[in-house]
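Q: Fold the following for me, if possible:
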Amino acid sequence: MENVVLIIHLLLALGLIAVVLMQRSEGGGLGMGGGGGGAMTGRAAATALSKVTWVLATAFIITSITLTIIAAKNASGSSVIDRLGVSAPATNDEGSTDLPAGQDLLPPGIDETGPLTPTAE
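A: Numbers count the residues shown, from 1 in each chain. Here you go, the predicted structure:
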């Protein structure tokens, strides 16, 4: 289901890009484009391309919300650690973890008092 919605979403995005690029520039954005008036007039007649743009944009937003809902439903109750199969440290009867003590947790070359310094012979 998620893959179908995702494919539709991508096709809508490509269609929306194509329709927007085909439209004539009506504004003076960034100092370029053709003529004034267009979008700033009281009631501009909606062309077929602008209607298609609205339909594609609405469908794009709907698929975006749908994908968010599907992703949230699939992700609820699990974490990345659960997916990796890494389990939490086991606890013993006293409630503490069964981790190795002291020296086994330190990186090589360091003891419990600090870094090992070479001794001069």
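
Q: Determine the number of other residues adjacent to Thr66.
A: Neighbours of Thr66 under the rule other CB atoms under 10 Å: 16. (C-beta placed from N, C-alpha, C; glycine too.)

Q: Tell me if I am right that it is in a helix.
A: Yes: with DSSP: H, G, I helix; E, B strand; the rest coil as the criterion, Thr66 is part of a helix.

Q: distance of it from Ser25?
A: According to CB to CB, to the nearest Å, Thr66 stands 32 Å off from Ser25.

Q: repeat for Ser50
A: 13 Å.

Q: What of Val4?
A: With CB to CB as the criterion, Val4 and Ser25 are 35 Å apart.

Q: can you list the weak-confidence ranges in the chain?
A: Within the chain, the ranges that satisfy pLDDT under 70 run 26-46, 76, 78-80, 82-83, 85-121.

Q: Ser50 and Ser25: who's more crowded?
A: Ser50 (15 against 12).

Q: Which element, helix or strand, includes the more buried one?
A: Per DSSP states H and E: Ser50 is located in helix 48-75.

Q: One more: Val19?
A: Taking DSSP H and E as the definition, Val19 sits inside helix 2-22.

Q: counting contacts, what elements does that helix pack onto?
A: helix 48-75 (3 or more CB pairs under 8 Å, 6 or more residues apart in numbering; DSSP states H and E).

Q: report the angle between the axes of the helix it packs on and helix 2-22?
A: Comparing the axes of helix 48-75 and helix 2-22 via axes from the mean of the first three to the mean of the last three CA atoms, to 10 degrees yields an angle of 150 degrees.

Q: Quick check: buried residues in helix 48-75?
A: Buried positions in helix 48-75, judged by neighbour count with 16 or more other CB atoms under 10 Å: 52-53, 56, 59-60, 63, 66.

Q: wait, doesn't Leu49 sit right on Met22?
A: Yes: counting by CB atoms under 8 Å, Leu49 does reach Met22; the two are 6.2 Å apart.
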